[in-house]
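A.B. asks: I need the structure of the sequence given here:
(one chain, ligands or ions: 1)
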Amino acid sequence: MKLFDVYPLFDINIVKGKGCHVWDDKGQEYLDLYGGHAVISIGHAHPHYVEAISKQVAALGFYSNSVINKLQQEVADRLGAMCGYDDYQLFLINSGAEANENALKLASFHNGRTRVISFAKAFHGRTSLAVEVTNNPKIIAPINNNGHVTYLPLNDTEAMKAELAKGDVCAVIIEGIQGVGGIQVPTPAFMQALRQACDETGTVLILDEIQSGYGRSGKFFAHQHCGIRPDLITVAKGIGNGFPMAGVLISPKFAPVYGQLGTTFGGNHLACAAAIAVLDVMKEEHLVENAARVGSFLLNELKGFKGIKEVRGEGLMIGLEFEEPIKELRSKLLFEQKVFTGVSGTNVIRLLPPLCLSMDEASDFLERLHRLV
Ligand SMILES: Cc1ncc(COP(=O)(O)O)c(C=O)c1O
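C.D. replies: Below is the predicted model of the structure:
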């Protein structure tokens, strides 16, 4: 059987990782400024994480959500305390798209409405509702195109207020910082006005922190730079450091109903062991603070580079918009300088390294980039 060929692949077979480095099957080492697409939070093969997962799988990898799983409550307790939402409720699933799917369903169950506001360049995943609120017609199949969504320009307060004033909007879904859209940062003034407009119109505010959350922005959640509290927050990627897992953080104003949401694999024992180990390491090694410190060093240094039109982002979620298309530069970074980076559109390089990136590794990256620009 052939693989369904939907990914344009680099001809590299990564077989090993440690911290912020990965190795291919020929023994070549690479600096990882991509984190497997913002997934690696605490670093590759962290010993505490390896031990926690290994012990758990030897004891019990999976049992169903029809019995008590105390590890789920432990994830909820630790996460609530670390992110400042210990009064919220947690629903666990397996992927980012699934988290947004469930958040949108919860919003609609809550206020009975069906219209959603999303933003230009938004990316929220590829399942039916998640893809419908994603601003990319190429990946919205006719069966997903159900007319629920109005896209507005990001940071346009007047347009947002006018749309919400109609009183029929179920939810607004917005990324803490847009990732796929090229690291576009919502302004605090916009986010505060959005919070207020949602309150005034009974609209549910959903913060998609799947890429920007879990410490990446230098705060636990990117929206915490804006001083607001959403009704629903979705998380995935960094939560399991590569173990597939996701969650919806749910405000106390939502009452759970038996059977309304559910999943076979969500919150399984092995995933919870991974998530607990991630939170242990994030706390022990002060990774949120590290992301803020190393991120601000990189953001400052990169501003002086030739050919870079704009440097955007917070913490270790950084977009470098070049004057010229970056395809060749990114390829040279990978094949000549041995650095993995991400991309967005034609002109933006995205940096999404593990949150444990050291100052030395950041300087090493700058040096390697400097050889090319
Ligand atoms: C902001 C955001 N939301 C949702 C998703 C979808 O997550 P997943 O691929 O785990 O379904 C992504 C993935 O890149 C994302 O960046």
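
A.B. asks: Do a quick rundown of the strands in the stretch 251-373 of the chain.
C.D. replies: Applying DSSP state E, counting those that start in this stretch to the stretch 251-373 of the chain gives strands spanning 308-314, 317-322, 339-340, 342-344, 348-351.

A.B. asks: Make JSON lines from those strands and add mean neighbour count and mean pLDDT to it.
C.D. replies: C-beta coordinates here come from the backbone N, C-alpha and C atoms, glycine included. Putting the strands of the stretch 251-373 of the chain into JSON lines (neighbours: other CB atoms under 10 Å; pLDDT from 0 to 100) gives the following:
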{"stretch": "strand 308-314", "mean neighbour count": "18", "mean pLDDT": "97"}
{"stretch": "strand 317-322", "mean neighbour count": "24", "mean pLDDT": "98"}
{"stretch": "strand 339-340", "mean neighbour count": "23", "mean pLDDT": "98"}
{"stretch": "strand 342-344", "mean neighbour count": "20", "mean pLDDT": "96"}
{"stretch": "strand 348-351", "mean neighbour count": "24", "mean pLDDT": "98"}
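
A.B. asks: Let's have the ones you listed in TSV, adding distance to the ligand.
C.D. replies: Below are the strands of the stretch 251-373 of the chain laid out as TSV (distance: least, CB to the nearest ligand atom, whole Å):
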stretch	distance to the ligand
strand 308-314	14
strand 317-322	10
strand 339-340	16
strand 342-344	10
strand 348-351	10
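
A.B. asks: Of all the ones you listed, which one is nearest residue 124?
C.D. replies: Ranking those by proximity to residue 124 (CB to CB) places strand 342-344 first, at 15.2 Å.

A.B. asks: can you pull the pLDDT of the closest residue to residue 332 other than its chain neighbours?
C.D. replies: Distances taken as CB to CB, 6 or more residues apart in numbering place residue 372 nearest to residue 332, at 5.4 Å, with adjacent residues excluded. pLDDT for residue 372: 96.

A.B. asks: Do I have it right that residue 372 meets residue 337?
C.D. replies: Yes - checked against CB atoms under 8 Å, the pair residue 372 and residue 337 is within contact range at 6.7 Å.

A.B. asks: can the strands of the stretch 251-373 of the chain go into TSV with extra columns for distance to residue 96?
C.D. replies: Listed next are those as TSV, based on distance: least, CB to CB, whole Å:
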stretch	distance to residue 96
strand 308-314	19
strand 317-322	15
strand 339-340	20
strand 342-344	15
strand 348-351	16
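
A.B. asks: quick one on the thing from earlier: if you count surrounding residues, which of residue 372 and residue 337 has more?
C.D. replies: The neighbour count for residue 372 versus residue 337, taken as other CB atoms under 10 Å, is higher for residue 337 (19 against 15).

A.B. asks: Residue 131: what's it in contact with?
C.D. replies: Shown in contact with residue 131 (CB atoms under 8 Å, 6 or more residues apart in numbering): 97, 124, 125, 139, 140, 141, 144.

A.B. asks: do residue 296 as well
C.D. replies: Residue 296 neighbours (CB under 8 Å, 6+ apart): 218, 315.

A.B. asks: From residue 67, how far out is it?
C.D. replies: With the distance defined as CB to CB, to the nearest Å, residue 296 ends up 46 Å from residue 67.

A.B. asks: now swap in residue 313 and tell me
C.D. replies: Where residue 67 is concerned, residue 313 sits at a distance of 43 Å (CB to CB).

A.B. asks: So among the contacts of residue 131, which ones count as buried?
C.D. replies: 97, 124, 125, 140, 144 (16 or more other CB atoms under 10 Å).

A.B. asks: still on that earlier bit, which one of the strands of the stretch 251-373 of the chain lies nearest to residue 134?
C.D. replies: Per CB to CB, nearest to residue 134 of the strands of the stretch 251-373 of the chain: strand 342-344, 13.9 Å.

A.B. asks: So which elements touch that closest one?
C.D. replies: strand 348-351 (3 or more CB pairs under 8 Å, 6 or more residues apart in numbering; DSSP states H and E).

A.B. asks: residues making contact with the strand it packs on?
C.D. replies: Taking CB under 8 Å, 6+ apart as the rule, strand 348-351 contacts 33-34, 179, 182-183, 298, 313, 316-322, 326, 329-330, 333, 341-344, 365.

A.B. asks: how far out from the middle of the chain is it?
C.D. replies: 15 Å (CA atoms, centre = their mean, to the nearest Å).

A.B. asks: For residue 24, give me its contacts.
C.D. replies: Per CB under 8 Å, 6+ apart, neighbours of residue 24: 12, 13, 14, 15, 30.

A.B. asks: Now the buried members of those residues.
C.D. replies: The buried subset of those (16+ other CB under 10 Å) comprises 14, 30.

A.B. asks: In helices, which of the buried ones among the contacts of residue 131 appear?
C.D. replies: residue 97 (DSSP state H).

A.B. asks: The closest residue to residue 188 other than its chain neighbours: how many residues sit nearby?
C.D. replies: Nearest non-adjacent residue to residue 188, counting by CB to CB, 6+ apart: residue 226, 4.1 Å away. Other residues near residue 226 come to 20 when the count uses other CB under 10 Å.

A.B. asks: Now do the same contact list for residue 226.
C.D. replies: 186, 187, 188, 191, 192.

A.B. asks: Right, I'll call it a day here.
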